[in-house]
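K.L.:
sequence first, predicted coordinates after that:
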Amino acid sequence: MVQTIFSDTIVALSTPPGAGALAVIRLSGPAAIEITATVFSKKGLLTAPGHSLHYGTLRDPETSQLLDEVVVALYRNPRSFTREDVVEISCHGSDYVVRQVLALLLRKGARLAEAGEFTKRAFLHGAMDLAQAEAVADLIASDSAISHRVALNQLRGGFSQELRALRARLIKFAALLELELDFGEEDVEFADRSGLALLLAEVRGVVGGLLRSFELGNVIKNGITAVIAGRPNAGKSTLLNALLREERAIVSAIPGTTRDFIEDEVSLEGIRFRFVDTAGLRDNPADEIEAIGVSRTRQRVRQAALLLYLFDLTEVTPAEVRSEIEALTEGLHLPVVAVGNKTDLASPETQASFMAAFGRAAQPVPLVLVAAGPKQGLDALQTTLLAQVRGSDLENTASATIVTNVRHARALETAAAHLAAVQAGLDTNRGTELLAADLRHALAALGEITGEISSEDLLTSIFTEFCIGK
Ligand code: GDP
Ligand code: ZN
């Protein structure tokens with residue numbers, strides 16, 4: 001048995017509310033088993049070993065009213081999720097039964113758990129670090145193979161181990177620098193400066209890689225918004241329909257009829273794409289409504305993470321397409337995929353000239369040729385879209401650590417800035433004191449991710465985002 005921090009016992013419904021075959025009510029704390037024993041029919045719960053299951057009935061001892069037939073799972077400190085004594089009561093999943101059981105357990109001395117309190121206790125008792133605790137929430141929310149894999153890797157401590165290893169090496173150096181400071185005036189150098197420079201370069205490389213992975217991590221977690229833009233009648237609505245495989249957008253042969261934005265989500269290999277269809281772009285808007293549509297299109301492009309620029313192969317030249325893309329993305333860093341539509345109408349010569357023109361450009365924009373109407377070339381388009389989002393990084397998502405959490409990304413940014421300062425300090429022979437201070441800041445930022453360094457405010461903000469019962 002380990003010393004635990006809390007003297008009260010918490011209880012909550014751990015399965016989603018609403019009718020279901022089963023509901024699981026979880027208790028955690030020093031009195032979890034005792035409280036359960038007072039309402040459970042089967043004797044011997046108090047002395048039963050951990051990791052055991054018990055079938056019986058729940059009864060209100062005051063009224064003798066029978067509530068339900070249940071299975072009780074027993075876990076003993078420290079071999080439980082929270083490291084406290086934990087009881088999980090599986091009862092029938094009716095709201096009424098659940099309310100009755102919860103009310104009974106509250107009367108017997110349990111307290112209703114706050115949001116995330118089970119996971120918070122697990123963290124505070126050292127069962128997991130902060131990054132792992134956050135991964136619990138991610139895992140529960142994961143909705144694709146990729147997001148699941150990333151969350152599971154984090155939950156199992158992959159990310160934490162990487163960070164701990166980095167910190168451990170930096171701490172060694174920080175300690176040597178602090179030692180120099182203790183010796184004050186005597187001008188001793190315990191910490192080998194060239195060794196520190198090497199270590200710094202390596203650590204900055206790792207931190208930089210983790211930061212870059214956040215771009216992808218964010219996409220995995222939150223999806224990506226891709227705007228489909230192009231002249232009226234290029235086939236934007238048709239393409240959106242084809243991508244969504246349903247007749248959602250209004251397709252019309254009159255130019256400029258897509259006046260509002262239509263958007264929907266498709267999951268391509270586990271990455272959620274939010275496609276937004278926009279009104280047609282043209283230089284001289286035919287009417288005011290269209291003009292509003294055009295300026296909103298530009299606004300949408302500014303907010304997008306990816307631009308699909310669609311054009312009718314039979315209507316424009318490669319040079320026109322390039323200048324339209326340039327005008328639309330001026331001042332933006334945004335991946336673009338050019339999509340030439342209506343291959344069923346365009347001559348092979350036209351298609352070949354587009355391929356050649358786009359391949360030759362100084363800054364190549366990937367070009368895909370499709371026929372959105374008859375749904376040709378869509379697989380190649382999807383492959384290109386995925387490649388744009390993943391870069392080369394996603395090839396090894398199975399093994400690589402990918403940062404998906406904004407809080408982690410911010411902490412890594414802070415650490416990177418302080419590590420850069422240490423580097424600058426080394427380069428200019430700055431005093432030990434300043435080096436040590438920057439190193440301390442960098443260490444603190446890295447420590448915040450796993451919670452080796454944490455504040456009550458930070459914990460509160462993290463765990464209140466959980467649902468009750470987690
Ligand atoms: P938007 O204004 O860019 O949204 O264009 P629409 O999707 O409304 O399409 C304009 C017209 O082009 C419609 O009549 C479509 O049926 C037609 N169209 C779209 N894609 C293709 C295609 O691949 N081949 C042919 N032949 N026609 C297409
Ligand atoms: Zn349209």
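P.N.:
Arrived safely. Residues are numbered from 1 along each chain as shown. Ligands and ions are numbered 1, 2, ... in the order given.
K.L.:
just give the nearest non-adjacent residue to A346, would you?
P.N.:
Distances taken as Cβ to Cβ, 6 or more residues apart in numbering put L313 closest to A346, at 3.7 Å, once the chain neighbours are dropped. (Glycine included, C-beta is placed from N, CA and C.)
K.L.:
where do the strands of the stretch 51-200 of the chain begin and end?
P.N.:
Counting by DSSP state E, counting those that start in this stretch, residue ranges of the strands within the stretch 51-200 of the chain are 52-59, 66-75, 86-93, 111-112.
K.L.:
just these: most buried one?
P.N.:
Across the strands of the stretch 51-200 of the chain, averaging neighbours per residue (mean count of other Cβ atoms under 10 Å) puts strand 86-93 on top, at a mean of 22.
K.L.:
okay, now the domains of this structure?
P.N.:
Using automatic domain parsing, the domain parsing of the chain gives 10-129, 140-217+405-451, 223-396.
K.L.:
so for C467, which of these sits nearest?
P.N.:
Ranking the domains of the chain by proximity to C467 (Cβ to Cβ) places domain 10-129 first, at 6.2 Å.
K.L.:
straight-line length of the closest one, end to end?
P.N.:
Using Cα to Cα, to the nearest Å, one end of domain 10-129 lies 21 Å from the other.
K.L.:
quick one: distance of that domain to the chain centre.
P.N.:
31 Å (Cα atoms, centre = their mean, to the nearest Å).
K.L.:
same deal with stretch 227-247?
P.N.:
The chain centroid and the centroid of stretch 227-247 are separated by 29 Å under Cα atoms, centre = their mean.
K.L.:
buried residues of that stretch, list them for me.
P.N.:
227-244 (16 or more other Cβ atoms under 10 Å).
K.L.:
was I right about L53 contacting V87?
P.N.:
No: L53 is beyond contact range of V87, at 11.1 Å (criterion: Cβ atoms under 8 Å).
K.L.:
name the residues contacting each of these two.
P.N.:
72-74 (Cβ atoms under 8 Å, 6 or more residues apart in numbering).
K.L.:
quick revisit: relative to E465, which of the domains of the chain is closest?
P.N.:
domain 10-129 (7.0 Å).
K.L.:
distance between the ends of stretch 382-400?
P.N.:
Counting by Cα to Cα, you get 23 Å between the two ends of stretch 382-400.
K.L.:
can you put the shared contacts of L53 and V87 in CSV and add pLDDT?
P.N.:
Shown next, in CSV, are the shared contacts of L53 and V87 (pLDDT from 0 to 100):
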residue, pLDDT
V72, 97
A73, 98
L74, 98
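K.L.:
of these, closest to ligand 1?
P.N.:
Closest approach to ligand 1 among the shared contacts of L53 and V87 (Cβ to the nearest ligand atom): A73, at 56.2 Å.
K.L.:
what's the separation between H441 and S213?
P.N.:
23 Å (Cβ to Cβ, to the nearest Å).
K.L.:
ok, these two, which is more surrounded?
P.N.:
Higher neighbour count among H441 and S213: S213, with 23 against 17, using other Cβ atoms under 10 Å.
K.L.:
circling back to that earlier point, within reach of ligand 2, which of the buried residues of stretch 227-247 are there?
P.N.:
Among these, proximity to ligand 2 is found for 236-237 (Cβ under 5 Å from the ion).
K.L.:
okay if I get the domains of the chain as JSON lines plus distance to ligand 1?
P.N.:
Below are the domains of the chain laid out as JSON lines (distance: least, Cβ to the nearest ligand atom, whole Å):
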{"stretch": "domain 10-129", "distance to ligand 1": "40"}
{"stretch": "domain 140-217+405-451", "distance to ligand 1": "29"}
{"stretch": "domain 223-396", "distance to ligand 1": "3"}
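K.L.:
now T350, nearest residue through space, not along the chain?
P.N.:
The shortest distance from T350 to any non-neighbouring residue, by Cβ to Cβ, 6+ apart, is to L313 (5.7 Å).
K.L.:
what does A197 give?
P.N.:
L426 (5.5 Å).
K.L.:
same question for L74.
P.N.:
S52 (5.1 Å).
K.L.:
is it true that that neighbour touches R79?
P.N.:
No: taking Cβ under 8 Å as the definition, S52 is not a contact partner of R79, at 11.5 Å.
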